[in-house]
Each structure stands twice: as structure tokens, then as C-alpha cells.
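# no sequence on this one, just coordinates:
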């Protein structure tokens, strides 16, 4: 039985690794992993070592490993600063229809919010707002700009 | 906005010859537009000055608007006035058909007007030059300041007579006026006549506004506003300026449209990050949930009979178009082609759905039958989306954005129209950059 369970776990681990490697087959070039931005050019900080934003793949709202690490830092910071409330802004790049992008921004903001909540931050402290494609941080029409614009940004409200 | 045409008195002078020879087929691209002569309207010498209206030039100005309307359809070729062979007043009584045929005109518009006692009286006639007879004639009285609308109404009557379909000239377009650098755009609601005249701004630009849409039955619009940084669907009466939030939703509402009877608003509501489709009855305030799915459901649009809804969903993994009954049952995916799809809008004729398609980094405006068959892509560009139908279902208006440079330079947003034949693509003139156009119904219907 124990052996079987262990075997199952091993299979699970192998399987997960396969999925992960399949996900990261995208080219790593400069500040992008696949089409997810990994650079620091547009990033601001809630506090030293606590980046304010995470980036997403085209049409996706799933959090990358790097995004989860960033959000855990935000959660630690929010736990230390109990009176601080935040708004998470969800954004999309300009390469989609306006209405779908509003929905996508909403989904991205909530993905970040949900992750903070799993690390013990009360949902009452976090509001969300979607701006769709309305507020690009980089106004250029380039793949780099679009990757910087697909983001959720945690903003202090008090 | 003043109430137009309260004192509109329409009477038919005559309505003979239902069997005219000239006819314009608008179901195909027209490579041989119908040559038409629009004579300046004769200004009656008994006319008196009226404040704010150049009475002496009114005849020329009205005919110039009619000509521009016709030229913009791509179906007509208004002939140059230098070649005109008869004086306006004489031609209006009885044209010398053979002389007009010499300049290759097939149809002739004549008319006269009188400004007196604070009223503008106009009559016009449409002549079939080939058959040498009058096709239609109409006279009406209004206030002189309405003279542009007079020109549009005459255009509609002539278009109707020659094509057999309702016109779309006496209409307005509501849109979002844009100014400023790309990352800090100032956006205002703006409204203009279909031909670009009479631009008015309905909001001040203090908050972000998006996606205005006309009520097909009256002068109300619905739109998305970020007032107090809370994105919600609003209702605005453009006659009175009164506005209100639609419903009491604890999160973002967006992508609003009216039902065809104008009594409901259909829109998306995002709850905990997930967008579903809801309706709200504007009289009873009853809110109904139409979709309930863990994917994005947005951009809903009713069929003109109100029985069906087409919408955009990524429940298959990527954005595709769907049709369901108006109660949310019987959901069917209708797009299976290569690429992804958004912004489905049901034609006011009921026969087609217009949409935005995205494929390999290019954006297309297209139409398909309501079951998804017969897809036709009308225009391709770097970025364009959000088609809106002319009230007769023959023309689409949409917006385009240009590719920006590394600092956002070279960016622009403009309105365009195209016939559903795929012909006659045309840039609309707006005072500022513009996006999210919505076409009104005929105002004088």
C-alpha cells in the first residue's frame, strides 16, 4: 500500500514536471519568458523588495511561478502592515476587443487577489478594478510593450 | 437637444409611377454608381431673413448635403453642377428630360423652399429622366434651424425610392471622443449627425467613459462610466442630460446594450472576477441572470425579435461567438473558423451577425449568418473592432487604431464605415480622435 502510494506520488510528480516543462517551452529572450514579461523596467515597489505587479500571458489570467513569488512577498508585507488596504488593478494589452479586455482585466485582478487571500490576507482589505486596455504602462505597439501591459498592479489605498 | 420636428407637416404632392425604370441594387457592390443630378433648391424670392440661417444660400447648402450623402453611399454619382442645363425653379416645375439626359444623368432632384413667418417650407421632386416622369415628391414645414435635417430627410426619401430600402441619413452617431497621449487619453461621450455635422460633447472628460449605445426606440443611451472609479453601466437621456446608474451591482458592470424594444438593458456583470450576462428591465428594475459559467461571457446583443442573444465567451478556451435563447437556454457555439472572435452584433434586419475577428496578429470586421455559416470578412487592419449597424442593416460603422511607435507616437483612433458588400470603405470625419461608435435609428421614423 505504502509502496503504491509512493509510486502514485512519483507519477504525480513526473506528470506535473511534464506539464510545467510543456508550459515553459516558450522562448526565453531578453525580458520575456514565452510572452510573459520577466523584466523590471516598469515595476514599482510597495516596499523594498516587494514588487507591485505581476505579468500574464496573452489572454491568460493564470499566475506564473514568478508571479506567485511576487504575490507571496506582497502577502508578507500586508501581514506586517495590518491597517493597509490595497486595490488590485487588472490590465490587458491593446490586442483584443475592448469589452473582452475589461473582463480579462477583472479576471487577472481577481487571480492576484485570490492568491493573496490564500496567504491569509482578508478579502475585505483588497478591492479590484479592471481597466482593460485603457491604461497601458507602455504606449508602444510592440510585443515587449504588450507583455508589460498584461499585468495586475497592487496599489496602496491608505 | 431640442425636440425636432414637432411641427412637422408632411403631405404628398403626388405618388405616381410605382414602376420606375431606374432602380439601384444595394445588395451588391456597385461599380457603376447611378448618375444623379441634384439641382440646387430654388429659394423663393418672398423669403425673409432668419437669425442664424443663411437663407439665400439655403438652396445650395441643402442640395450639397444631399449630394454628399449620396456620394458617400457609393451607389450614386452626383454630377457636377456646372453641367446643369436648367435653372432650379424651372427644372422643378418640369425638367426638359432630353437636356438632362445629355449630361448622362439618370435621375434628377429638384426643389424649392420658402422661409417666412419663422418657418421653413420645402418641397422636392425626384425625376426619372429615362422614363421622363416624376417618381416621388414631398413637401414639409419645419423651423429654419432644422435645415440640415431637411436635407437628410430628403436624402432618405430618395434613397428609399431608388433602392427600395429605408435610408439612414437622418440619423446620429454616438461615440467616444479621444484626446491626449496614448497612456493618458481623455475620453468624452460625443454625438454627431451621421455626416459629421453638429458635434456635441455629453460628458466633460473627468472620468473614463466607454462603449455608448443607442436605445433603438428613443433618445436614451447606455454606456460604461468610471465615475468615482467604479466602472458601472449608466443610462443617459440625451434630451435632458439626466443620467443614472443601471441597477445596484456590487462589482463592475459593462458591455451594455438595449433590447430591441428599448425596455431592457443587457450587459455583463463581473462577480469575483467572473463575467456573466444579465438583463435589467428598466421599468420594473427586475434583474435576471442569463448565463452562469466559469468563463468570460460578454458583448451580448439581442436579435431584433428579442428571442435570441448572441454573445462572446471563452468557455471553449478562446474567444468565440455563441447564440442562445433570450432566457439563456440552448447555448450554441457558432464560430469554428481559424482565429478568435469578439463583439457579435445582430443586424437590425435579423439576417446577419457582424463581428470582430482576430487572426495572426490582424483584425477583421466581418459578417456571418446567425448560425455561423457564410462568414465574409469585409476589411483587414492592424487594429479595428466593435462594428455597429446602420438602421437599415446595410452599412457597418466601427473604429480603428494605428500602430504606435516606442513612445506611443503615431497613435490614432478613427471611425470608419463599410457596406456589408465589402465595398465603399470610408473614414468618417470627427473633430477629435474617436472610438466605440453606435448608430442611432432613423430620427424621423
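All right, it came through fine. Keep in mind that what you see is a predicted model, and the values were worked out from it rather than measured. Numbering: from 1, shown residues only, chains lettered A, B, ... in the order given.
# ok, and what's touching stretch A:40-48?
Stretch A:40-48 has contacts (CB atoms under 8 Å, 6 or more residues apart in numbering or on different chains) with A:31, A:51, A:52, A:53, A:74, A:77, A:137, A:138, A:148, A:151, A:154, A:156. C-beta here means a position set from N, CA and C on the backbone, and glycine is covered the same way.
# strands of the stretch 301-445 of chain B, residue ranges please.
Using DSSP state E, counting those that start in this stretch, the strands of the stretch 301-445 of chain B run over residues B:308-313, B:320-325, B:332-333, B:340-346, B:352-359, B:362-369, B:376-381, B:384-389, B:395-401, B:413-419, B:426-427, B:433-439.
# out of those strands, which gets nearest to residue B:253?
With distances scored as CB to CB, the stretch of those nearest to residue B:253 is strand B:308-313 (14.9 Å).
# and residue B:64, what helix or strand is that in?
Element membership of residue B:64 [criterion: DSSP states H and E] is helix B:58-73.
# and that helix with strand B:395-401, angle?
On the basis of axes from the mean of the first three to the mean of the last three CA atoms, to 10 degrees, helix B:58-73 is oriented at 80 degrees to strand B:395-401.
# name every strand pairing with whichever helix or strand comes after helix B:58-73 and say which way it goes.
Sequence-wise, the next helix or strand downstream of helix B:58-73 (DSSP H and E) is strand B:76-78. Next to strand B:76-78 in the sheet, as set by DSSP bridges, lie strand B:34-38 (parallel).
# show the average pLDDT along the partner strand.
Per-region confidence: strand B:34-38 scores 96 on mean pLDDT.
# doesn't residue B:100 fall inside a helix?
Yes. Under DSSP: H, G, I helix; E, B strand; the rest coil, residue B:100 falls within a helix.
# thinking it is in contact with residue B:79, fair?
No. Using CB atoms under 8 Å, residue B:100 is not in contact with residue B:79; the gap is 9.3 Å.
# these two: which has the busier surroundings?
Neighbour totals were compared for residue B:100 and residue B:79, and residue B:100 leads with 24 against 19 (other CB atoms under 10 Å in any protein chain shown).
# so in chain B, where's the weakest helix or strand by average pLDDT?
Ranked by mean pLDDT, DSSP states H and E, the weakest helix or strand in chain B is strand B:9-11, scoring a mean of 36.
# for chain A, what's its nearest residue on the stretch 101-250 of chain B.
Here the stretch 101-250 of chain B gets closest to chain A at one residue, residue B:182, 3.8 Å apart by CB to the nearest CB.
# kindly list the main-chain dihedrals of that residue?
phi -60, psi -40 (degrees, to the nearest 10).
# overlap between the contacts of stretch A:40-48 and the residues near chain B?
A:137, A:138 (CB under 8 Å from any CB of the partner chain).
# buried among the contacts of stretch A:40-48? Need that as a selection in PyMOL.
The buried residues among the contacts of stretch A:40-48 can be selected in PyMOL (16 or more other CB atoms under 10 Å in any protein chain shown) with this line:
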select buried, chain A and resi 51+52+53+74+77+137+138+148+151+154
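# so of the contacts of stretch A:40-48, which ones are in strands?
Judged by DSSP state E, the contacts of stretch A:40-48 include A:51, A:53, A:151, A:154, A:156 as members of strands.
# which one of these is nearest to chain B?
Set against chain B, the nearest of these by CB to the nearest CB is residue A:151 (13.2 Å).
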